[in-house]
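>>> fold the following and give me the result.
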Amino acid sequence: MAAATEGQDKVLATAQRIVQSLHNTSDTDDMLLILSSFDNRLSTLSSFVSSEDNTSNAVVDPRFAAIEQFILNEADSSFSDDYLAAVDEIIHLTEEINLDQRAAVAADDAMDRAETALQLAMARLEDEFRHILIRNTVALDTERLHRSSLSSSSGAIAIAATEFFNDDVNENIEDVSSGRYSQHGGHGRGISFGGDDMSSLDLIHPDAVIDLRDISDRMIRSGYEKECCQVYCSVRRDVLDECLTILGVEKLSIEEVQRMDWRSLDDKMRKWIPAVKLVVRGLLSGEKRLCDQIFTGSDLIKEVCFLETSKGCVMQFLNFGEAVAVGRRSAEKLFRILDMYDALAAVIPDLQALFMDEDAGDMVCSEAKGVLDALGEAAIGTFVEFENAVQGEASRKPMQNGEIHPLTRYVMNYAKLLVDYSDTINSLLETVEDNSGFENENNDNLETTSTSLIAQRLLALITSLESNLDEKSRMYEDGALQHIFLMNNILYIVQKVKDSDLRKVLGDNWIKKRRGLIRQHATHYLRAAWTKVLSCLRDEGIGGSSSSAAKVVLKERFKNFNACFEDTYRIQTAWKVPDPQLREELRISISEKVIPAYRSFLGRFGCQLESGRHAGKYIKYSPEDLENYLLDLFEGTPLILHHMRRKST
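Model (predicted):
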């Protein structure tokens, strides 16, 4: 307020000098006529002129008095085109004074007066410029911005993996991998709103842009371009900062990012991914266009204003990217980092088009490329961390019923998602020098020897998983359960490959070999699980006689068979084979092996016991009974045969 009062005092003093000057001029009436024709509001000046003495011979352009008085009177009134016209006039007169060499003293006096008026006018324009910028900023749809920040990436899988490798498995991985946990977001490469929809966004109401251009043009012509740029950059920086806040891109130090727990960091990475595209292709593109529209008179000022307005915004999201890239590498971050890499890579050409200044602009683009490279290195490093975690996972607690191991689920769901990033990972792997020697490893398992790097790494990953599962199978004391466990897990791997783009990477020959391996395990299972049962049905020691000794042996054989079958039934009903087709095939294989042998043994020797007392004690089951009981196997629920319960009671 004090500055404003001082400015008005200066203007009043200047006005008094103008009146004195008018009185001292010989052609006062003619000059008053000129002033009156400039603006009817200046006609009252005649009363001031008539009361002054003519004491000076200095020659001063009388139009200054009218302009000064007008600027003074309009200081607190609404902004108008007349005010801009007055500013144009004083600028024009200033230029004339600079060219007028007829009276140096008069010119100096006039220039002092003109500069005073011009200062007041520029202060008024500066304030008006600020107010127009603030009042006419388009209110961005915060709900729309929030929707845009919901990245549809694979955070749920990453979180599930974290829980697995921390021995805290409490989520259904199948639900996670299929994206049914909406709070995390399912996997999908496309971002629904990544900035392209805002490419023609108006950041300022179009009508106001005209006023801003008119004001900036006059401030630049008057030598007040610095003040104009400062106001513009200050206001627009605040707007961009607010947009980043809405998008969830906060100002965070590297230390703050590294101290975050994974869920908090994942949330910020998830929001960062679409925000990069939205900011660069939407907000900054609109900001560049706005600078071009407002500062039409100077290409340099356009560049300076855009750079100073947007540089901080760009550096803010680059700093977060750098903090993520240099942070601790862990398997759960892999897909977020890949999404961040892809998002930044997509907008670097846009940044290069926006920041064309040779020095500061190159700095921004160079920083962006540096962060991109760091994210790429972090992605490969994180991929290696995941490979190492799979290879070194050594949980010693076997799955109770031979079920699919959580490690198998996590690795295969990761592998499925990695295929979606094949192009990105291939390009990153090509930059890793230590790929020599790896290319020929395991190639006999692939369709061709000219496979991509990602295919080779995926094969190595799955091979490590298979080796790990083979080790885990040895934790089962029951050899038959070892084969059930391996069949379940290998089949799960095969199905994930067959039903996804992994099939294109690993090929049908790879799938065929794994199916052959499943059949081998099925054969080994039958031998391990049912040889003891079938051994009870052998003919040795019985012959064809019906002697007492033979009957004793026969009774013992039936008793042993019943006991073995009941024990096997109790154990294997608790085992789990999730795949219905494999479960059915195993039951059929068992039936084909056990039922004919039992029917034949019963047909040859059953009559020797049926005529005796307590025959039901030995011949407890018909072949049809056994066949029905086999349908209960591999359901994961332990059952006890009715005869056993009756016997025990």
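
>>> show me where the stretch 401-550 of the chain has its helices.
406-420, 422-430, 453-473, 479-498, 502-506, 508-535, 548-574 (DSSP state H, counting those that start in this stretch).

>>> who are the packing partners of the fourth one?
Pointing back at helix 479-498 there. Helix 479-498 sits against helix 406-420, helix 453-473, helix 502-506, helix 508-535, helix 580-610, with contacts defined as 3 or more Cβ pairs under 8 Å, 6 or more residues apart in numbering; DSSP states H and E. (Each C-beta comes from the backbone N, C-alpha and C, glycine too.)

>>> point out where the protein drops to low pLDDT.
Low-confidence segments of the chain (pLDDT under 70): 1-64, 72-79, 96-111, 140-201, 358, 433-450, 541, 543-547, 610-616, 642-649.

>>> which residue is the nearest non-sequential neighbour of residue 495?
residue 579 (7.6 Å; Cβ to Cβ, 6 or more residues apart in numbering).

>>> list the residues that contact that neighbour.
Counting by Cβ atoms under 8 Å, 6 or more residues apart in numbering, residue 579 touches 488, 491, 492, 495.

>>> what is the neighbour count of the last one?
By other Cβ atoms under 10 Å, 13 other residues sit near residue 495.

>>> over to residue 355: give its phi and psi.
phi -100, psi 90 (degrees, to the nearest 10).

>>> closest one to residue 356 among the helices of the stretch 401-550 of the chain?
Residue 356 lies closest to helix 422-430 among the helices of the stretch 401-550 of the chain, at 26.5 Å (Cβ to Cβ).

>>> got the contact list for the closest one?
Defining contact as Cβ under 8 Å, 6+ apart, one finds that helix 422-430 is touched by 338, 341-342, 376, 379-380, 383, 418, 435, 452-454, 457, 501, 505.

>>> which PyMOL command selects the buried ones in these?
Command for PyMOL that selects the buried part of those, burial taken from 16 or more other Cβ atoms under 10 Å:
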select buried, resi 338+341+342+376+379+380+383+418+452+453+454+457+505
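
>>> between the contacts of helix 422-430, which sits nearest residue 215?
The closest of those, once distances to residue 215 are taken by Cβ to Cβ, is residue 342, at 42.3 Å.

>>> look up how far residue 334 lies from the closest one.
As judged by Cβ to Cβ, to the nearest Å, residue 342 and residue 334 stand 13 Å apart.

>>> so residue 427 versus residue 276, what's the distance?
Where residue 276 is concerned, residue 427 sits at a distance of 19 Å (Cβ to Cβ).

>>> likewise for residue 458?
Taken as Cβ to Cβ, the span from residue 458 to residue 276 is 28 Å.

>>> which of these two has more neighbours?
When residue 458 and residue 276 are compared for neighbours, residue 276 comes out ahead with 28 against 24, by other Cβ under 10 Å.

>>> shouldn't that one be in contact with residue 347?
Yes - Residue 276 is within contact range of residue 347, at 5.8 Å (criterion: Cβ atoms under 8 Å).

>>> quick one: residues contacting residue 211.
Residue 211 neighbours (Cβ under 8 Å, 6+ apart): residue 132.

>>> now with 10 Å?
Going by Cβ atoms under 10 Å, 6 or more residues apart in numbering, residue 211 touches 79, 81, 84, 128, 129, 132, 133, 136, 204, 205, 294.

>>> can you name every helix or strand that whichever helix or strand residue 301 is part of contacts?
Element membership for residue 301 (DSSP states H and E) is helix 299-325. Helices and strands touching helix 299-325, as assessed by 3 or more Cβ pairs under 10 Å, 6 or more residues apart in numbering; DSSP states H and E, comprise helix 206-221, helix 225-247, helix 254-259, helix 262-277, helix 285-294, helix 334-354, helix 360-392.

>>> one more time with 6 Å, if that's ok
On a contact count with 3 or more Cβ pairs under 6 Å, 6 or more residues apart in numbering; DSSP states H and E, helix 299-325 meets helix 225-247, helix 285-294, helix 360-392.

>>> surely residue 133 meets residue 235?
Yes - Residue 133 lies in contact with residue 235 (Cβ atoms under 6 Å); the separation is 4.4 Å.

>>> more neighbours: the two, which one.
Set side by side, residue 133 and residue 235 show more neighbours around residue 133, with 24 against 17, by other Cβ under 10 Å.

>>> still on that earlier bit, would JSON lines of the helices and strands packed on helix 479-498 with distance to residue 240 be doable?
Formatted as JSON lines, the helices and strands packed on helix 479-498 follow (distance: least, Cβ to Cβ, whole Å):
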{"stretch": "helix 406-420", "distance to residue 240": "32"}
{"stretch": "helix 453-473", "distance to residue 240": "38"}
{"stretch": "helix 502-506", "distance to residue 240": "43"}
{"stretch": "helix 508-535", "distance to residue 240": "51"}
{"stretch": "helix 580-610", "distance to residue 240": "57"}
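
>>> deepest of those, which one?
Neighbour counts (mean count of other Cβ atoms under 10 Å) averaged over each of these peak at helix 406-420, with a mean of 22.
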